[in-house]
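1. structure for this input, please:
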Amino acid sequence: MSPDTRDPLLDPAAPRILDRLRLDGRRALITGAGQGIGRAFAHALAEAGAHVAVIDLDRERAETVADELRAKGAEALALGADVSDDGAAEGYVGAVLDAWGGLEIAVNNAGVNRNSAAEDTTTGEWDEVFALNTRAVFLGCQAEARMMLRAGYGKIVNTASMASLIVPHPQKQAAYNSAKAAVVQLTRTLAAEWADRGVRVNCMSPGIIRTALIEQSPALRPLVEEWLTQIPLGRLGEVTDLQAGIVYLASGASDYMTGHNLVIEGGQTLW
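-> You can find the predicted model right below:
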């Protein structure tokens, strides 16, 4: 068979780059989408044309975000779930299938952090952080992929963290750093297993993002000035800084990328 010699840059039938980023009609779910980064992801995918299932531990918060998406003309679904529970992932994936008949995009974003010195970290705290940040991500990927593998196509994106690459300081968070590093290796492992069956698995590692978690925390707010000295771009990230990345990872524009950790941290890991 002769190789295809068409120039894709000149092919009039080839979609233009901005069209390749469109998600019109794609069906998506996002965990931990009731606030912060997850809420920004929900708005980004909805603005790109996707139907978005907003999943959060707080059902009312999920419904508030779903209403925001509907006000933008998107189709949205609100679901309450504790994603660390056995069976939760099967439940919310099933609810999306019941509502829309399929699932092309899944963002496993729900997470938690507990700041404590390593010598003071209890096994209960360690288990809580891993249950939500790592185990729940695996269970989500597993349930989502079972449907996507049958369809022969899907995009899974897991929220990791800059803490998977460096030890952020001065905050002490051994459990969180370890759990997020595990998410990166889990992502790479699943990407390798599922690549030949059409399912791409990538993750995103945000740096320090200005959210209510920081602004309302008596322990974290005093650290902002020190963090700013560690970030080459000189500011904290905004949730909007992550939106183009999630659209890219969810879209056809990234079809040749799998097992990748997209780091968006203002350059903090450079130092």
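
2. wait, doesn't P8 sit right on P15?
-> No: P8 lies out of contact with P15 (Cβ atoms under 8 Å); the separation is 10.1 Å. Heads up, the C-betas are built off the backbone N, CA and C, glycines and all.

3. which of those two has more residues huddled nearby?
-> Remark: of P8 and P15, P15 carries more neighbours, 12 against 8, as counted by other Cβ atoms under 10 Å.

4. can you tell me the helix or strand for the more buried one?
-> Using DSSP states H and E, P15 sits in no helix or strand.

5. which ones are touching it?
-> Applying Cβ atoms under 8 Å, 6 or more residues apart in numbering to P15 gives the contacts G252.

6. what's it sitting at in phi/psi?
-> Main-chain dihedrals, P15, degrees, to the nearest 10: phi -70, psi 140.

7. any idea how far it is from A46?
-> 21 Å (Cβ to Cβ, to the nearest Å).

8. which residues of the stretch 1-150 of the chain fall in strands?
-> 27-31, 51-56, 76-80, 105-108 (DSSP state E, counting those that start in this stretch).

9. show me what the third one is packed up against.
-> Which is strand 76-80. In this structure, strand 76-80 packs against strand 51-56, helix 59-71, helix 88-100, with contacts taken as 3 or more Cβ pairs under 8 Å, 6 or more residues apart in numbering; DSSP states H and E.

10. report the buried residues of stretch 82-96.
-> Residues 83-84, 88-89, 92-93, 95-96 are the ones in stretch 82-96 that count as buried (16 or more other Cβ atoms under 10 Å).

11. adding pLDDT, write those out as TSV.
-> Output for the buried residues of stretch 82-96, formatted as TSV (pLDDT from 0 to 100):
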residue	pLDDT
V83	97
S84	95
A88	98
A89	98
Y92	98
V93	98
A95	98
V96	98
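
12. can you redo these as JSON lines with distance to A191?
-> Below are the buried residues of stretch 82-96 laid out as JSON lines (distance: Cβ to Cβ, whole Å):
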{"residue": "V83", "distance to A191": "21"}
{"residue": "S84", "distance to A191": "23"}
{"residue": "A88", "distance to A191": "23"}
{"residue": "A89", "distance to A191": "18"}
{"residue": "Y92", "distance to A191": "22"}
{"residue": "V93", "distance to A191": "19"}
{"residue": "A95", "distance to A191": "26"}
{"residue": "V96", "distance to A191": "22"}
